[in-house]
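> Give me a model of this one.
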Amino acid sequence: MSTLLDDITLKIAARIRGERTARRWSLDDLAERSQVSKAMISKIERAEASPTAALLGRLSAAYGLTLSAMLAEAEPPPRGPVRAADQPIWRDPATGYIRRQVAASPTLPLELTEVDLPPGAAVSFPAASYRGMAHLIWVLAGRLTFVEGEVTHALLPGDSLEFGPPADCTYRNDGAAPCRYLVVLLRR
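Numbers count the residues shown, from 1 in each chain. Here you go, the predicted model:
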């Protein structure tokens, strides 16, 4: 593993373990709440496995956090501009999905995440990932197929979609070109 990947894997491991410890949950408790196996959680907490976006979505939902909050640093961001080079980037090891945290602050109820979804890739999140928030997608490039519960939306560049009530969802790139979109979350 590269040093950068090692660092991210270690931070994720510490965050998941720290959240579980703060709640005084056992591995069994977290496994039951997240529907992730106890063995996988243990590997992640020991930084022996790098979790996928879908798996992190289930773990963050169990904690009542967004994926952005799970990946964010604990301390508030510095005042002033957050340069693109300083915005946290995370790559899903299973799909190659790349997320750039444009804005996520404990002092604002807003999160902005830019996502690059490779051709043929799909990432799913449980409804619990979006409980208590408004959620909007804005497609910047490529084509995005978004499945919201039983409804499928085909989105093109410039299209936006505001979510309905929380439902299991899948972001899917059925095209031959990469898809880039912005996810806007507003905590209520």
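> which other residues reach stretch 95-111?
Stretch 95-111 is contacted by residues 52-53, 66-69, 71-72, 76-77, 82, 84, 87-92, 112-118, 121-123, 182-188 when judged by Cβ atoms under 8 Å, 6 or more residues apart in numbering. Every C-beta, even on glycine, is put in place using the N, C-alpha and C of the backbone.
> Now restrict these to buried residues only.
When the contacts of stretch 95-111 are checked for burial by 16 or more other Cβ atoms under 10 Å, the buried set is 52-53, 66-69, 71-72, 77, 82, 87-88, 90-92, 112-117, 121-123, 182-185.
> Wait, a helix at residue 12?
Yes: according to DSSP: H, G, I helix; E, B strand; the rest coil, the state of residue 12 is that of a helix.
> List the ones among the contacts of stretch 95-111 that fall in strands.
Members of these lying in strands (criterion: DSSP state E): 89-91, 112-117, 122-123, 182-187.
> Would you agree residue 174 is in contact with residue 143?
Yes: counting by Cβ atoms under 8 Å, residue 174 touches residue 143, with 7.0 Å between them.
> Contacts for the helix or strand of the chain with the lowest mean pLDDT, please.
The helix or strand of the chain with the poorest confidence is helix 67-71; it has a mean of 74 (mean pLDDT, DSSP states H and E). Here helix 67-71 makes contact (Cβ under 8 Å, 6+ apart) with 12, 15-16, 19, 53, 56-57, 59-60, 63, 88, 90, 99, 101, 104, 111, 113, 125, 129, 185.
> please redo it, this time with the cut-off set to 10 Å
For helix 67-71, contacts defined as Cβ atoms under 10 Å, 6 or more residues apart in numbering pick out 8, 11-12, 15-16, 19, 51, 53-54, 56-57, 59-61, 63, 65, 88-90, 99, 101-104, 106, 111-113, 123, 125, 129, 183, 185, 187.
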